[in-house]
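Student: pasting the sequence and the predicted model now:
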Amino acid sequence: MKTLTSATIPSRATGFRGPGRSPAERPLVVVTGVLLFVFLFFTTCTVFVNEAWPLQVFQIGIYGAVAAYLLLGMQQAREQLADSVVQWLVYLTPVWGIIQIELHTTSSSSETRQQALKWGALAGVFFLTQVVATSRSALRLMLNCFVWFATALAILCIAQIFTSQGLVLWLFPSGYPDVYATFQSSNNYAQFAELALPIAIYRALREGWRAWGFALAGSVIYASTIASASRAGSFLCTLELLAVLVLVLMRKGRSRDGYSMQATLVYLAVIPILACAFAAVVGWGHVIERFHDSNPYNVRREYLVSAINMAKHRPWTGFGLGTFPEVYQKFAIKDFPFYANHAHNDWAEFAADGGIPFLLLVLLPFLRGAVIAIKHPWGIGLIAVLLHACVDYPFPRPAVSGWMYFILALLLMSYTFDRQQRERLAASEETRRLHAV
């Protein structure tokens, strides 16, 4: 019997399916998946809008989709979810803000209420992703949709850097000299690209004749990150590129998955060449110049120290989700002539706003996802963004964090499929043994 390695996203001919849906349930799953992507696409395409309505539309849309699914399909499909403590930690994340409000431990009930709604929407993305990823083939399709969307934004990013003069979509003033697709921040764009790049590279090593399309997609995404001149993003994307190639090469000799070693070696050589060629076209000069900065951690260091001092002051309750900008001034170690909207270190800000319990509620599920990503290299972008969060703030932007929870849910579902497969193979082996007796 042909077996699949835990790192495999099989082709259509060999795809392992989970328990599956009844014919009556499949339309509901399809509609749920379409709505999930519509709202994730929407929040990504409107990330440059500084008003509240795009975030509100995203949240209302996700809450509505979750409510509709719970009413129409949850009772018949509970077995499809990744049953683990991790998912409950994700669902408890927004509850911490409610607890802070009820116990009056927040410095601003309105800010904490808004943050609780945002975290609830992210938990909704996580839930909807799980219920749509009903099989490995569905999971593969969802990854494809994300990769091609990211590729389109990468092309847009490169085009706008050289031609838009700070206008988003060549129409909307951003207030900045450069824009990166729909992102005003090069770091936030790089975090989005970090999630997509390993998927494209991994699929390029697994897809036979379709591999060239994914190789080109990965090269464009990598080049767009170099063009954005994000130092952390460029460094992490380069590490991702090398890590996926190494992990696939290490596993290739131990698997029998229908792909020849010769074809794999060809793409192992071609992919980095393509990536570097595309990066050379957009130019390395700007990002290399930024790496020559004598003090790259300027300002961030002072924000980090202040956030740590806040966490030390209230280690168990925090000052309230979303209250860092308001409370920061009391703990600032240096005055700056600009507004401190975030600590530029999400983990320190989580500890300051929510205390150690909230930090663990956010961190533990992603650590679990990071462990699974080692066996499923298409998910190592999650590790990169978690590292990037040490010097920037991907979590406050649903255009990034929404996709983070999307990837996390798919990794957990992959682990569930692996476990189900092992159980079925063990049962089959036991049946053959009994028949032999």
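Tutor: Nice, thanks for sending it over.
Student: any weak-confidence spans in this protein?
Tutor: Low-confidence segments of the chain (pLDDT under 70): 1-25, 74-83, 208-209, 252-269, 278, 283-285, 291-294, 297, 337, 437.
Student: quickly list the domain ranges of it.
Tutor: With domains defined by automatic domain parsing, the chain comprises 24-132+300-432, 138-298.
Student: turn those into a markdown table, including mean neighbour count.
Tutor: Glycine gets a C-beta too; all of them are placed from N, C-alpha and C. Output for the domains of the chain, formatted as a markdown table (neighbours: other Cβ atoms under 10 Å):
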| stretch | mean neighbour count |
| --- | --- |
| domain 24-132+300-432 | 19 |
| domain 138-298 | 19 |
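Student: for the helix ranked longest in the chain, packing partners?
Tutor: Using DSSP state H to define each element, the chain has its longest helix at helix 398-436. The helices and strands touching helix 398-436, judged by 3 or more Cβ pairs under 8 Å, 6 or more residues apart in numbering; DSSP states H and E, are helix 26-45, helix 53-72, helix 85-102, helix 109-132, helix 136-163, helix 186-204, helix 346-375, helix 381-388.
Student: columns distance to residue 429 on top of these, output as a markdown table?
Tutor: Below are the helices and strands packed on helix 398-436 laid out as a markdown table (distance: least, Cβ to Cβ, whole Å):
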| stretch | distance to residue 429 |
| --- | --- |
| helix 26-45 | 31 |
| helix 53-72 | 37 |
| helix 85-102 | 29 |
| helix 109-132 | 29 |
| helix 136-163 | 21 |
| helix 186-204 | 30 |
| helix 346-375 | 22 |
| helix 381-388 | 33 |
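Student: and the nearest residue to residue 370 once chain neighbours are set aside, how far from residue 367?
Tutor: Among residues not flanking residue 370 along the chain, residue 383 sits closest, at 4.8 Å (Cβ to Cβ, 6 or more residues apart in numbering). According to Cβ to Cβ, to the nearest Å, residue 383 stands 10 Å off from residue 367.
Student: got it, and residue 182?
Tutor: Distance from residue 182 to residue 367, counting by Cβ to Cβ: 30 Å.
Student: same thing with residue 136?
Tutor: Distance of residue 136 to residue 367, computed by Cβ to Cβ: 24 Å.
Student: repeat for residue 343
Tutor: From residue 343 over to residue 367 (counting by Cβ to Cβ), the distance is 20 Å.
Student: likewise residue 93?
Tutor: 14 Å.
Student: try residue 115
Tutor: For residue 115, the distance to residue 367 equals 22 Å [Cβ to Cβ].
Student: can you check residue 43 too?
Tutor: 25 Å.
Student: contacting residues for residue 409?
Tutor: The contact partners of residue 409, taken as Cβ atoms under 8 Å, 6 or more residues apart in numbering, are 82, 125-127, 129-130, 133.
Student: over to residue 116?
Tutor: 94-98, 101, 321.
Student: closest one of the residues you listed to residue 333?
Tutor: residue 321 (23.1 Å; Cβ to Cβ).
Student: assign the closest one to helix, strand or coil.
Tutor: Under DSSP: H, G, I helix; E, B strand; the rest coil, the three-state class of residue 321 is coil.
Student: give me phi/psi at it?
Tutor: Main-chain torsions, residue 321, degrees, to the nearest 10: phi -60, psi 130.
Student: and the residue nearest to it when sequence neighbours are not counted, how far from residue 196?
Tutor: Leaving out its chain neighbours, the residue that sits closest to residue 321 by Cβ to Cβ, 6+ apart is residue 115, at 3.7 Å. With distances taken as Cβ to Cβ, residue 115 is found 26 Å from residue 196.
Student: kindly report the same for residue 205.
Tutor: Note on residue 205: its distance to residue 196, by Cβ to Cβ, is 15 Å.
Student: wait, residue 379 sits on residue 410?
Tutor: Yes. With contact defined as Cβ atoms under 8 Å, residue 379 reaches residue 410; the gap is 7.2 Å.
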